[in-house]
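Student: Quick check, what structure comes out for this input:
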Amino acid sequence: MYLNKVFLYGNLTRDPELKALPSGQNLVSFGLATNRTYKDKNGQKQEATEFHNIVAFGRPAEVIAQYMKKGRPLFIEGRIQTRSWEGKEDGKKQYRTEIVVDNFQFGDGGKGGGFSASSGQAARGEEPQNAPKDTNEIQYPDEEINPEDIPF
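Tutor: Predicted structure coming up:
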């Protein structure tokens, strides 16, 4: 069995763009930034940021477009997909790797009480009960977690 599963938690890098496909289905696209902290070979703390292209379809696309904006945190569960097409100007083949959303959960910005929705819930037309409020960016602790401090 093969597996194509992605879990990301990060901040939106731009406001979601909602579009309608020729079939009438809604599509939203946006960017998501994730980061990691590590120590380099000299023991200096470093941070690396990755930027991801995200797309969602149907009701999840509508909910994300309605409640999310640049800078807000979002948890994504989905799959990696690479599309290709011919360039309009030069005819060269172009590629774009994206994360296609299966499930998502609004981040709470450290305030508690996020909202989650799966493609199934959203397809049934269930509305979010608590949309995210305006929050500041995620505040990460300055100290690193020592694996020996974890109780399991």
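
Student: Would you map the strands across the chain?
Tutor: Chain-ordered strands for the chain, with DSSP state E as the definition, fall at 6-12, 17-20, 26-39, 45-57, 73-86, 93-106, 116-118.

Student: For Thr34, which non-adjacent residue is spatially closest?
Tutor: Closest residue to Thr34 apart from its sequence neighbours, by C-beta to C-beta, 6 or more residues apart in numbering: Gly10 at 3.9 Å. Using the backbone N, CA and C atoms, a C-beta is placed for each residue, glycine as well.

Student: Quick check, that neighbour in contact with Asn35.
Tutor: Yes: with the criterion set as C-beta atoms under 8 Å, Gly10 and Asn35 qualify as a contacting pair; they are 7.4 Å apart.

Student: how many neighbours does Phe7 have?
Tutor: Residue crowding around Phe7 was assessed by other C-beta atoms under 10 Å; the count is 10.

Student: ok, now how distant is it from Leu32?
Tutor: Distance of Phe7 to Leu32, given as C-beta to C-beta, to the nearest Å: 12 Å.

Student: just to revisit the earlier point, which ones are touching the residue nearest to Thr34?
Tutor: In this structure, Gly10 makes contact with 32-35, 52, 73-74, judged by C-beta atoms under 8 Å, 6 or more residues apart in numbering.

Student: which of the residues you listed lies closest to Tyr67?
Tutor: Leu74 (9.7 Å; C-beta to C-beta).

Student: If the closest one is in a bridge, with which residues?
Tutor: For Leu74, the beta-bridge partners are Gly10, Phe106 (DSSP bridges).

Student: residues contacting it?
Tutor: Each residue near Leu74 by C-beta under 8 Å, 6+ apart is listed here: 9-12, 32, 64, 68, 104-107.
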